[in-house]
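In: Quick one, fold the following:
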Amino acid sequence: MNLYQENFKMLGKLTLVAAGMFAFGYALIPMYKAICELTGINILAIGERDSTGVRSVNTQNTQVDVTRTITVEFDANARGPWTFKPAQNSVQVHPGELMTVVYEFENVQNRKMSAQAIPSYAPRQVAQHFNKLECFCFNQYTLEPGEKRSWPVVFVIDPRVSKDVSTITLSYTFFEVGAQTPPAPVALNLKGMGV
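Out: Next up is the predicted model:
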């Protein structure tokens, strides 16, 4: 046998070994799943199946307390020439449930204005349980004259909120940023007036 034939034979053996390794690696995932289900090692894979062995698609959020409903009321106050209001006055929400509401804005001035909103809560002790994931109050906004915008508030109420809380009021005050602050009023000299 010459060197060429020996090299060709070695190449064939190495190709078979590489193909075998690839096939074993490819078959490893289904084999792993089958072994885990038989032995009960992979609890997550078993928990995703119902009693008939069919994969279940129940993706219920177990952190939502469906035994309680809280009314969330929305309030809007504008400090300046704005039209600012919630798209809806209130919603019913279960603690732990993700909720989205929208606030509407309009700059009714004939000039560009920048503003920001500051939230407040009633009762005050629920503030630590009212978690906003997205809110227009996180940023300042600039609106052109007559421009209208809508911005969402995405929130979830922590299920650990006190059981006696049935209504929460979320109030925003929207005020102009960077405007001149008017001077404080001057006190009248009332002594000379006989007071």
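In: going forward, measure contacts between C-alpha atoms and count neighbours the same way
Out: Will do.
In: Flag the shaky bits of the protein, pLDDT-wise.
Out: 1, 40-62, 179-195 (pLDDT under 70).
In: now the helices for it?
Out: Taking DSSP state H as the test, the helices found in the chain are 3-39, 43-47.
In: Can you give the domain ranges for this structure?
Out: 3-47, 70-176 (automatic domain parsing).
In: can I get those in a markdown table with mean neighbour count and distance to residue 64?
Out: Putting these into a markdown table (neighbours: other C-alpha atoms under 10 Å; distance: least, C-alpha to C-alpha, whole Å) gives the following:
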| stretch | mean neighbour count | distance to residue 64 |
| --- | --- | --- |
| domain 3-47 | 12 | 20 |
| domain 70-176 | 16 | 4 |
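In: want to throw those domains into JSON lines with distance to residue 63?
Out: Shown next, in JSON lines, are these (distance: least, C-alpha to C-alpha, whole Å):
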{"stretch": "domain 3-47", "distance to residue 63": "18"}
{"stretch": "domain 70-176", "distance to residue 63": "6"}
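In: ok, back up a step: can you redo the helices of the chain as TSV with distance to residue 67?
Out: Shown next, in TSV, are these (distance: least, C-alpha to C-alpha, whole Å):
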stretch	distance to residue 67
helix 3-39	35
helix 43-47	25
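In: Nearest to residue 128, out of those?
Out: Distance to residue 128, taken as C-alpha to C-alpha, is lowest for helix 43-47 among the helices of the chain, at 33.3 Å.
In: center of this protein - which residue?
Out: residue 133 (3.7 Å; C-alpha atoms, centre = their mean).
In: hmm, back to that, tell me which of the helices of the chain lies nearest to residue 127.
Out: Here helix 43-47 is closest among the helices of the chain (C-alpha to C-alpha), at 35.9 Å.
In: What's the local residue count around the closest residue to residue 94 other than its chain neighbours?
Out: Leaving aside its sequence neighbours, residue 94 sits nearest to residue 69 (C-alpha to C-alpha, 6 or more residues apart in numbering; 4.7 Å). Other residues near residue 69 come to 15 when the count uses other C-alpha atoms under 10 Å.
In: gap between residue 69 and residue 168?
Out: To residue 168, residue 69 is 11 Å away according to C-alpha to C-alpha, to the nearest Å.
In: now residue 116
Out: 22 Å.
In: partners of the nearest residue to residue 137 once chain neighbours are set aside in the sheet?
Out: Spatial nearest neighbour of residue 137, excluding adjacent residues (C-alpha to C-alpha, 6+ apart): residue 117 at 4.8 Å. Beta-bridge pairing of residue 117 under DSSP bridges involves residue 174.
In: Which parts of the chain are strands?
Out: Assigned by DSSP state E, the strands in the chain fall at 70-79, 82-86, 90-93, 98-107, 113-122, 130-134, 141-143, 148-157, 167-176.
In: Cool, thanks, signing off.
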